[in-house]
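Peer 1: Starting from these lines, generate the structure:
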Amino acid sequence: MLIGFALMVLWSFAVSAARANSPMATLSFAGDRTFGTVNGDNSSVRFPAVYRRSGVMDYPFALVKRYFDNSDLSVVNFECTLTRASYIADKQWYFKGDAGFASIFPSGGIGAVSLANNQSFDDSQPGIDDTVSNVKKAHVPKFY
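Peer 2: Presented below is the predicted three-dimensional model:
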């Protein structure tokens, strides 16, 4: 993940430098974001508690938001559901977050969200339906 992020930042610098002399578009990508509990564990080291302690609306993107803001489009792969659905996936890892966490995307400079991954149905159809609805309420396009 860290290597992928570093490559994204370097690529963004290269494209931004070239952009000054060319009609290019700058795209930024970040992968595998989760904004929730892990397997129902809501302890102090999990995202909800860390997010609340941060006191920063755009956490976890605060330190990289400038790169996203300087891109024409920034996309993340969101590996979590934003739902209150009670279904528990029969799998080793499942992630669930509060509906309000969808506002982190626009606050963090994210312009689109991919839900095309193995965690999107962690809470079955109601979970993905809620996630899609909550991302839409945050005015962030999504794709599968």
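Peer 1: give me the element residue 58 is part of.
Peer 2: Using DSSP states H and E, residue 58 sits in no helix or strand.
Peer 1: same check, this time on residue 77
Peer 2: Going by DSSP H and E, residue 77 is in strand 73-78.
Peer 1: In that strand, which residues are buried?
Peer 2: 74-76, 78 (16 or more other Cβ atoms under 10 Å). From N, CA and C alone the C-beta is placed, and that goes for glycine too.
Peer 1: Spatially nearest residue to residue 137 (excluding sequence neighbours)?
Peer 2: Computed as Cβ to Cβ, 6 or more residues apart in numbering, the closest residue to residue 137 that is not its neighbour in sequence is residue 102, at 6.4 Å.
Peer 1: got any ranges where this structure has weak pLDDT?
Peer 2: Counting by pLDDT under 70, the chain has low-confidence residues at 1-22.
Peer 1: any chance you could map the helices in it?
Peer 2: 2-19, 47-54, 65-69, 104-107, 124-137 (DSSP state H).
Peer 1: packing partners for the third one?
Peer 2: Other elements packing on helix 65-69 under the criterion 3 or more Cβ pairs under 8 Å, 6 or more residues apart in numbering; DSSP states H and E are helix 2-19.
Peer 1: what bridges to residue 30?
Peer 2: residue 76 (DSSP bridges).
Peer 1: and which of the buried residues of strand 73-78 is nearest residue 142?
Peer 2: residue 78 (8.0 Å; Cβ to Cβ).
Peer 1: measure the closest one to residue 44 for me?
Peer 2: To residue 44, residue 78 is 23 Å away according to Cβ to Cβ, to the nearest Å.
Peer 1: go on, residue 134?
Peer 2: For residue 134, the distance to residue 44 - Cβ to Cβ - is 24 Å.
Peer 1: higher neighbour count, the two?
Peer 2: Using other Cβ atoms under 10 Å as the criterion, residue 134 and residue 44 rank with residue 134 on top: 22 against 9.
Peer 1: All set, thanks.
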